[in-house]
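Engineer: prediction below, plus the sequence it came from.
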Amino acid sequence: MRLLIKHTTRYDYSAPVPYGVQQIRLSPKPTRGQVVRDWKITVEGGQQQVVFDDHHRNHVILFSFEPEVTQLVVRAEGIVEMSDTAGVVGVHQGLAPLWLFQKPTEHTRAGKGCRELVRMVEGDSDLEKLHDLSTRVHGAIAYETGKSEIAWSAEDALAAGHGVCQDHAHVFIACARAMGLPARYVSGYLRMDGQDEQSATHAWAEAHVDGLGWVGFDVSNAISPDTRYVRVATGLDYTEAAPIVGHRYGLAEERMDVSLRVTQQQ
Amino acid sequence: MSRLRPMETPSAASLVPENRAKRLILVHFMGAKAAKPRGFILWSENSIARAVTQRKHQIMDMFDEMHGHDGAVRRPYKTFDGWLSQEDAGRLRAKQREAEDLFRLTGITFNVYGRSEAEERLIPFDIIPRIIDGREWQRLERGIEQRVRAINAFLHDIYHRQEILRAGRVPREMIANNEAFLPQMIGVMPPGGIYTHITGIDLVRTGPDEFFVLEDNARTPSGVSYMLENRETMLRMFPELFSKTRVRPVSDYPRNLRRSLAASAPEGCDGTPTVAVLTPGIFNSAYYEHAFLADKMGVELVEGHDLRVVEGRVAMRTTRGYRPIDVLYRRVDDDFLDPLNFNPESALGVPGIMDVYRAGGITIANAPGTGISDDKAIYSYMPEIVEFYTGERPILQNVPTWRCSEKESLDYVLANLSDLVVKEVHGSGGYGMLIGPAASKKELKEFERKLRARPSNYIAQPTLSLSTVPVFTKAGLAPRHVDLRPFVLMSKDGIQVTPGGLTRVAMKKGSLVVNSSQGGGTKDTWVLED
């Protein structure tokens, strides 16, 4: 299956920005079952500074703001060819040791709520337990947009009882790590069935299972990722896999608009 | 003409008993590596002394570096002693005052932390040099070189294949649970493979041939400006001494530093590399040193807000636009270095500098993440680390350290608790520490319980009897405890150990506190040619 992706992020500033930089993680990762045919990232209002692969092997581009801009438009577009792997990403690659993915982060620290979930988890194998965990997290946190905050931790989301894909992923990761399994955050694109316009980029989780390697879990949709899921960036939590993070000078306020089209080409 | 010598010092009788009464307790704060002036704190309170004497502990002889154990002047000090015995006490007193005035004029002061307002204070300087002969130094130098080479190799390994963990020589948890491990450095190859461009190795001495490494400083070791100023002052005040004695110079340190930094410029840098010093600013306790070094090296002193990412490089604002920097000698801690990649609240850093670094566009000295090598938890593994990477036995000893995670060590520690200093592995600033000889029965019991509950959380060290060097007092010479921080430069061209380093001295009688923020002073350190 070929997916045609057009992703535009537009930032409007209430006043000219004297200086700033943005780190962009918007290049689909080399992944089993995922071949990038064509990919291009452009930034209007910014200048490309450096590119590098980070410690999660994400392809990163650093842009700086052009002086005194009031608008910045980041466009990522291209074609990715997908084939089904039943959610299995495979053996761990790169220098980051697996134990790194067992360490809690601020967003994924298991507290009372996560530990309670973990206690309920059932299954004969790690894989079964992870599937059960995914179901339980799905049940514990209702998917509701516009009511959660980007800075929420796993425990915050559990306490609130609602959240978005980011929160689902964080809770799943926190619990998997509490179970002693390496887990990580994935940001990427999802083509929702029967619709070309997507409301936002997506996020899910991966856990490392002996014998299989990394396996994906999309808690929000209660499935394992298939050919509709394009892996873009991974990290210990949202902060490391976020599509765009920036730091800017000045006091301007920022408004962000995202438009995302994922269309299927046969 | 009053003669100086036979005051407090030379006889063993006057030296040893004073110190015998006081068992010396080594209280070493290795954890708080951040901005605070660090070092170690050594303790010898009367209360401790009493406790110890009451317990009839084995008495350790104090070693004085000038007068040995027996009061006879040791070889390295012979010429100096000859000179000193001819000197007029009044003249020396005047010189001591003159030295203090000089320092005040130079403005070499530091801020004392922990006060509501940063208070500028002069670090006391003592005119009696600390003298090490060429032969003694050679062994130290080889040991320091070996250690620094091992530290650099360890850092490369930890941020790449982690062979030492795979080999089981350092337990994984020591790294995995360590805040100083910087994931952003995984897979990053610093220019020339150099992580520790500048290292300070803190040494203490307990006898003629007994040196111990108290701690390694692989982040941003400070104090080198004092070393340089001390020598300059001594040269100015006692030029005749330097014509009698062949003392190895240290004044070329800034030139060597600059050369060493330039040699670590990123690949593809042609022409003379541009070096700059990054300071947190004038409110930092070591600001004087940052300005001093930039000035002596003839390079720019910059702050985070002077720098931007321009054309793929980190560049500094100049009158003629932005100029790219090849090597940044940063005196800003990792966490504050880059608000985009690390602490977003930091106003001291340069957003995106890590990205430029990872793309190979700048050298950061020292490399980010070096803290994992000088951490308290790692320290006890340094002998293993040296052997693993150099294939040699360590030349320099660690202070013996019992890791309570190991059953035999735990048994020993529990059996000898009242003789030992017990520290939390990940603790800092002296919290959660037991000073055995000074502890009450209740405290000992309490720690015994803690140790049994979580043995892996603790290490233990013996108390050490630190060497002394005389200082000049109103009453004449008096022995005071010292440590030594040699500074080590590393580039792909090799390792250079500055002959000598910074000697810190506890100015109060019997005190083991050499930390500048705790009233410690400094001395000029001489390494003799042969």
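Structural biologist: Good, I have the coordinates.
Engineer: list, one by one, the residues from the stretch 201-350 of chain B near chain A.
Structural biologist: Taking C-beta under 8 Å from any C-beta of the partner chain, the part of the stretch 201-350 of chain B that reaches chain A is made up of B:Arg308, B:Val309, B:Val310, B:Glu311, B:Gly312, B:Pro339, B:Leu340, B:Asn341, B:Pro344. From N, CA and C alone the C-beta is placed, and that goes for glycine too.
Engineer: redo that, cut-off 10 Å
Structural biologist: Among all residues of the stretch 201-350 of chain B, those adjacent to chain A (criterion: C-beta under 10 Å from any C-beta of the partner chain) are B:305, B:308-314, B:338-341, B:344, B:346, B:349-350.
Engineer: A:Asp167 is in contact with A:Ile141, isn't it?
Structural biologist: Yes. Using C-beta atoms under 10 Å, A:Asp167 is in contact with A:Ile141, at 5.9 Å.
Engineer: next, count neighbours for the closest residue to chain B within the stretch 101-250 of chain A.
Structural biologist: Closest approach between the stretch 101-250 of chain A and chain B, counting by C-beta to the nearest C-beta: A:His247, at 3.9 Å. Other residues within reach of A:His247, judged by other C-beta atoms under 10 Å in any protein chain shown, total 19.
Engineer: ok, now A:Gly87?
Structural biologist: 19.
Engineer: run a quick neighbour tally on the residue lying closest to it once chain neighbours are set aside.
Structural biologist: Distances taken as C-beta to C-beta, 6 or more residues apart in numbering or on different chains place A:Ser224 nearest to A:Gly87, at 2.8 Å, with adjacent residues excluded. When neighbours are defined as other C-beta under 10 Å, A:Ser224 has 19 of them.
Engineer: need phi/psi at A:Ser224.
Structural biologist: Here is the backbone geometry of A:Ser224 (degrees, to the nearest 10): phi -90, psi 150.
Engineer: which residues are in contact with it?
Structural biologist: Contacts for A:Ser224 were tallied using C-beta atoms under 10 Å, 6 or more residues apart in numbering or on different chains; they are A:85-88, A:130-131, A:134, A:204, A:206, A:215-218.
Engineer: now intersect these with the helices, please.
Structural biologist: A:Leu130, A:His131, A:Ser134 (DSSP state H).
Engineer: closest one to A:Gly45 out of the residues you listed, please.
Structural biologist: Distance to A:Gly45, by C-beta to C-beta, is smallest for A:Ser134 among those, at 39.9 Å.
Engineer: who's in contact with B:Leu182?
Structural biologist: Counting by C-beta under 10 Å, 6+ apart, the residues that B:Leu182 touches are A:55, B:158-159, B:188, B:334-335, B:341-342, B:354, B:367-372.
Engineer: let me fix that, I meant to ask about B:Ile128.
Structural biologist: With contacts defined as C-beta under 10 Å, 6+ apart, B:Ile128 is in contact with B:66, B:77, B:80, B:84, B:92, B:96, B:469-473, B:477-478, B:480, B:505, B:523-524.
Engineer: returning to that earlier point: filter the residues of the stretch 201-350 of chain B next to chain A down to the buried ones and hand me the PyMOL line.
Structural biologist: Remark: buried members of these, expressed as a PyMOL selection using 16 or more other C-beta atoms under 10 Å in any protein chain shown:
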select buried, chain B and resi 308+309+310+312+313+314+338+339+340+341+346+349+350
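Engineer: now, the most widely separated pair of the residues of the stretch 201-350 of chain B next to chain A?
Structural biologist: B:Glu311 and B:Pro344 (24.9 Å).
Engineer: quick one: the closest residue in space to B:Leu278 that isn't next to it in sequence and A:Pro97, what's the gap?
Structural biologist: Spatial nearest neighbour of B:Leu278, chain neighbours left out: B:Arg330 (4.1 Å); criterion: C-beta to C-beta, 6+ apart. Distance check for B:Arg330 against A:Pro97: by C-beta to C-beta, to the nearest Å, it reads 27 Å.
Engineer: just B:Arg308 next, same as before
Structural biologist: Using C-beta to C-beta, one gets 34 Å for the distance from B:Arg308 to A:Pro97.
Engineer: now A:Ser224
Structural biologist: As for A:Ser224, its distance to A:Pro97 is 25 Å (criterion: C-beta to C-beta).
Engineer: what's the residue closest to the geometric middle of chain A?
Structural biologist: Closest to where the C-alpha atoms of chain A average out (C-alpha atoms, centre = their mean) is A:Ser187, at 1.7 Å.
Engineer: host element of that one?
Structural biologist: Using DSSP states H and E, A:Ser187 maps to strand A:183-190.
Engineer: tell me the secondary structure of the residue of the stretch 101-250 of chain A closest to chain B, please.
Structural biologist: strand (DSSP: H, G, I helix; E, B strand; the rest coil).
Engineer: right, and it touches A:Gln23 too?
Structural biologist: Yes. Counting by C-beta under 10 Å, A:His247 touches A:Gln23, with 8.6 Å between them.
Engineer: overlap in contacts, these two.
Structural biologist: In terms of C-beta under 10 Å, 6+ apart, A:His247 and A:Gln23 are both contacted by the residues B:Leu340, B:Asn341, B:Pro351, B:Gly352.
Engineer: OK, contacts around the second one?
Structural biologist: B:Asn341 is in contact with A:23, A:54, A:245, A:247, B:182, B:184, B:334, B:349, B:351-355, B:357-358, B:368, counting by C-beta under 10 Å, 6+ apart.
Engineer: low-scoring pLDDT stretches of the stretch 101-250 of chain B, where are they?
Structural biologist: For the stretch 101-250 of chain B, the stretches flagged by pLDDT under 70 are B:106-122.
Engineer: ok, chain B next?
Structural biologist: B:1-61, B:106-122, B:426-431, B:512-519.
Engineer: looking at it, which helix is longest?
Structural biologist: As far as residue count goes, and with DSSP H defining each element, the longest helix of chain B is helix B:134-158.
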